[in-house]
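Chemist: sequence plus the predicted model coming up.
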Amino acid sequence: MHSPLPASLRDVYERALARNAGETEFHQALLEVLESIAPVVEHRPDYIESGVLERLVEPERQIMFRVPWQDDSGAVHVNRGFRVQYNSALGPYKGGLRFHPSVNLGIVKFLGFEQIFKNALTGQGIGGGKGGSDFDPHGRSDNEVMRFTQSFMTEVYRHIGEHTDVPAGDIGVGAREIGYLFGQYRRLTNRHESGVLTGKTVLWGGAQVRTEATGYGAVFFLEEMLATRGESVAGRTAVVSGSGNVAVYAIQKLQQLGARPITASDSSGYVVDDAGIDLDLLKQVKEVERLRVSEYAARRPGARFVSTGSVWDVPGDLVLPCATQNELDAAHASTLIRNGAVAVAEGANMPCTPTAVEAFQDAGLLFAPGKAANAGGVATSALEMSQNASRQRWDFESSEDRLRDIMRDIHSSAFEAADLYGRPGDYVIGANAAGFTRVADAMLAQGLV
Ligand code: NDP
Ligand code: 2IT
């Protein structure tokens with residue numbers, strides 16, 4: 001159970017609510033962080049006196065712009081573009097771009113705010129930011145996606161740079177979109193500035209393992225949590241949502257470590273494959289042909305597609321929500337608990353509602369919040385920036401070793417901070433407290449800016 005916010009934090013929260021009316025996802029992310037850091041500020045009144053919190057909740061810069069583009073029939077469309085440059089105390093703004101019809105300022109701010117603490121946890125010297133657009137790539141041709149993406153970059157290029165702000169992918173933005181974005185940046189600036197974007201193709205400056213990093217990292221984190229109880233993922237059944245970048249590579253690493261992931265989903269429904277997901281087929285359907293997940297079931301004997309209910313109705317030991325925010329609520333959590341789940345790792349950003357998180361923790365499950373469990377993606381982006389800056393290329397094995405070490409470090413930071421603040425095993429408090437203190441100390445040292 002959460003205790004009420006102390007007065008100093010409640011003031012910060014209420015002022016932020018009034019100032020950012022209607023931005024419900026941002027309010028949710030903010031409350032979780034403020035609740036988690038209550039025990040920290042109790043020992044550090046200077047964080048309040050110096051206005052660190054007031055400053056942290058207000059983005060350093062918010063950019064909103066028009067993105068006009070033409071579809072294949074010549075019709076004109078106007079989307080809205082965003083880049084929220086949240087906090088650069090620890091390094092250049094860093095965070096993905098999301099192309100999805102649900103994107104609005106509140107969503108970008110929730111993601112950017114989370115990103116500050118996640119990036120701090122990686123220990124890699126990256127600040128926090130996020131961006132995107134309400135553009136819907138579903139059903140659009142490659143040429144339409146290219147024209148939209150070029151129009152998006154035509155505004156955003158003046159705000160980014162390897163020492164300023166380094167975007168990457170997120171929902172709806174993968175290798176194809178990063179390629180078009182980079183091409184347009186290069187054309188506009190006449191600079192092959194590799195470090196301006198991450199998630200690039202390996203051929204022209206991308207890092208090995210970046211594609212796999214978020215999903216792999218989430219499973220590494222899960223292994224670390226289970227190890228604290230003398231357990232592992234091997235031999236366990238896993239329920240995974242999503243079928244995009246994070247889900248696919250979480251499934252791959254689960255399989256490599258001897259677990260049996262049996263589900264995948266998208267916004268049309270989910271598939272259950274009791275024999276274990278056929279990863280080659282899933283990649284063919286989702287990555288190559290860009291079809292709905294139902295096509296997987298159509299091509300795979302023994303698998304079934306379900307368009308009603310929820311993927312969380314499927315029993316499993318390990319739970320990996322890898323699709324989107326608030327996709328797993330308290331009712332789903334109680335079903336999963338009743339069905340014997342032992343551990344949850346958030347591959348997506350804020351996929352579990354606050355009451356779902358509370359239910360998992362109260363029932364004694366291991367619970368890894370996204371800002372710790374999915375930090376492997378952005379951490380590997382920071383490795384890509386290092387390689388770009390030094391013109392080096394690391395091989396796959398050593399890159400994966402680095403990722404595994406980083407996830408171990410993040411796990412121990414969160415685990416130790418939870419102990420320090422009197423909540424052993426609470427990775428939500430641990431991750432927020434550990435991330436927050438790093439950012440707050442950097443802000444204090446750099447004066448009132
Ligand atoms: P992708 O676009 O590759 O895949 C997203 C998946 O989630 C798709 O299967 C999509 O289905 C599903 N999905 C998206 N929105 C919804 C929705 N509203 N309802 C139901 N299903 C939905 O994105 P990623 O895999 O990159 O991102 C997944 C999550 O992981 C996001 O929360 C993202 O912020 C987070 N994340 C991503 C990182 C990365 O490196 N890519 C790093 C850290 C976190 P459909 O196609 O039908 O929309
Ligand atoms: O939410 C995230 O951490 C990402 N989408 C990845 C960000 C990045 O800069 O690699």
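Modeler: That came through, no problem. Residues are numbered from 1 along each chain as shown. Ligands and ions are numbered 1, 2, ... in the order given.
Chemist: now do the SS call for residue 67.
Modeler: strand (DSSP: H, G, I helix; E, B strand; the rest coil).
Chemist: below-threshold pLDDT in the stretch 51-200 of the chain: ranges please.
Modeler: Applying pLDDT under 70 to the stretch 51-200 of the chain picks out no residues at all.
Chemist: where does the stretch 201-350 of the chain have low pLDDT?
Modeler: Counting by pLDDT under 70, not a single residue of the stretch 201-350 of the chain qualifies.
Chemist: hey, where'd the helices end up in it?
Modeler: Assigned by DSSP state H, counting those that start in this stretch, the stretch 201-350 of the chain shows helices spanning 210-227, 245-256, 279-283, 294-299, 330-338.
Chemist: which of the ones you listed is buried the deepest?
Modeler: Highest mean neighbour count of the helices of the stretch 201-350 of the chain: helix 210-227, a mean of 26 (counted as mean count of other CB atoms under 10 Å). The way it works is simple: take the backbone N, C-alpha and C, and place the C-beta from them, glycine included.
Chemist: so who does the nearest residue to residue 420 once chain neighbours are set aside touch?
Modeler: Among residues not flanking residue 420 along the chain, residue 433 sits closest, at 7.6 Å (CB to CB, 6 or more residues apart in numbering). Contacts for residue 433 (CB atoms under 8 Å, 6 or more residues apart in numbering) come out as 36-37, 39-40, 417-418, 420-421.
Chemist: take those and lay them out in a markdown table including secondary structure and distance to ligand 2.
Modeler: Formatted as a markdown table, the contacts of residue 433 follow (DSSP: H, G, I helix; E, B strand; the rest coil; distance: CB to the nearest ligand atom, whole Å):
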| residue | secondary structure | distance to ligand 2 |
| --- | --- | --- |
| 36 | helix | 19 |
| 37 | helix | 20 |
| 39 | helix | 26 |
| 40 | helix | 23 |
| 417 | helix | 20 |
| 418 | helix | 22 |
| 420 | helix | 25 |
| 421 | coil | 24 |
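Chemist: could you dump the residues you listed to CSV with distance to residue 242?
Modeler: Shown next, in CSV, are the contacts of residue 433 (distance: CB to CB, whole Å):
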residue, distance to residue 242
36, 25
37, 29
39, 33
40, 32
417, 28
418, 27
420, 33
421, 32
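Chemist: assign the residue nearest to residue 420 to helix, strand or coil.
Modeler: Applying three-state DSSP: residue 433 is helix.
Chemist: the strands in the chain, which residues?
Modeler: With strands called from DSSP state E, the chain shows them at 61-70, 76-87, 93-99, 128-133, 165-168, 237-240, 260-261, 263-266, 269-272, 304-306, 318-320, 343-345, 366-368.
Chemist: looking at the ones you listed, which is nearest to ligand 1?
Modeler: Minimum separation from ligand 1 across those (CB to the nearest ligand atom) falls at strand 263-266, 3.3 Å.
Chemist: for residue 18, which of the helices of the stretch 201-350 of the chain is the nearest?
Modeler: Smallest distance to residue 18 across the helices of the stretch 201-350 of the chain (CB to CB): 27.7 Å, for helix 330-338.
Chemist: can you pull the contacts of the residue lying closest to residue 360 once chain neighbours are set aside?
Modeler: By the measure of CB to CB, 6+ apart, the closest residue to residue 360 outside its immediate chain neighbours is residue 367, 4.6 Å from it. Taking CB under 8 Å, 6+ apart as the criterion, residue 367 is in contact with 343-344, 352, 357, 360-361, 427-428.
Chemist: residues of the protein that sit close to ligand 2?
Modeler: For the chain, the contact set with ligand 2 under CB under 6 Å from any ligand atom comprises 94-96, 115, 118, 168, 170, 198, 349, 377-378, 381.
Chemist: which positions in this structure make contact with ligand 1?
Modeler: Applying CB under 6 Å from any ligand atom, we find that the chain lies next to ligand 1 at 100, 169-172, 174, 214, 242-247, 266-268, 322-324, 347-349, 374, 377.
Chemist: hmm, back to that, tell me the one of the contacts of residue 367 nearest residue 157?
Modeler: residue 352 (35.9 Å).
Chemist: surely residue 41 and residue 10 touch.
Modeler: No. Look at residue 41 against residue 10 with CB atoms under 8 Å: they stay out of range, at 11.8 Å.
Chemist: neighbour count: these two, which is higher?
Modeler: Between residue 41 and residue 10, residue 41 has the larger neighbour count (other CB atoms under 10 Å), namely 21 against 13.
Chemist: re earlier: how close does the residue nearest to residue 360 get to ligand 2?
Modeler: Residue 367 sits 18 Å away from ligand 2, going by CB to the nearest ligand atom, to the nearest Å.
Chemist: cool, residue 83 as well?
Modeler: From residue 83 across to ligand 2, the span is 12 Å (CB to the nearest ligand atom).
Chemist: how many residues are close by that residue?
Modeler: Neighbour count for residue 83, taken as other CB under 10 Å: 27.
Chemist: give me every residue that touches the closest residue to it other than its chain neighbours.
Modeler: Computed as CB to CB, 6+ apart, the closest residue to residue 83 that is not its neighbour in sequence is residue 131, at 3.7 Å. Shown in contact with residue 131 (CB under 8 Å, 6+ apart): 63, 81-84, 95-98, 108, 156, 167.
Chemist: what about the helices in the stretch 1-150 of the chain?
Modeler: Using DSSP H, counting those that start in this stretch, helices in the stretch 1-150 of the chain cover 7-19, 24-43, 45-49, 52-57, 105-122, 142-156.
Chemist: list the helices and strands the third one packs on?
Modeler: Here helix 45-49 touches helix 24-43, helix 427-445, going by 3 or more CB pairs under 8 Å, 6 or more residues apart in numbering; DSSP states H and E.
Chemist: what about the ones you listed, which gets the closest to residue 398?
Modeler: Closest to residue 398 of the helices and strands packed on helix 45-49 is helix 427-445 (CB to CB; 25.9 Å).
Chemist: can you give me the buried ones in that closest one?
Modeler: 427-443 (16 or more other CB atoms under 10 Å).
Chemist: how much space between the closest residue to residue 146 other than its chain neighbours and residue 379?
Modeler: Nearest residue to residue 146, sequence neighbours excluded (CB to CB, 6+ apart): residue 180, at 4.8 Å. Using CB to CB, to the nearest Å, residue 180 is found at 25 Å from residue 379.
Chemist: and for residue 78?
Modeler: 36 Å.
Chemist: and if you look at residue 239?
Modeler: Taking CB to CB, one finds residue 239 at 25 Å from residue 379.
Chemist: same check on residue 200?
Modeler: Residue 200 is 16 Å from residue 379, where distance means CB to CB.
Chemist: repeat for residue 17
Modeler: Residue 17 is 32 Å from residue 379, by CB to CB.
Chemist: the two: who's more crowded?
Modeler: Neighbours per residue (other CB under 10 Å) separate residue 17 from residue 379, with residue 379 holding more: 28 against 15.
Chemist: dig out what the nearest residue to residue 111 once chain neighbours are set aside forms beta bridges with.
Modeler: Once flanking residues are discounted, residue 111 sits nearest to residue 130: 4.1 Å by CB to CB, 6+ apart. With DSSP bridges as the criterion, residue 130 is bridged to residue 84.
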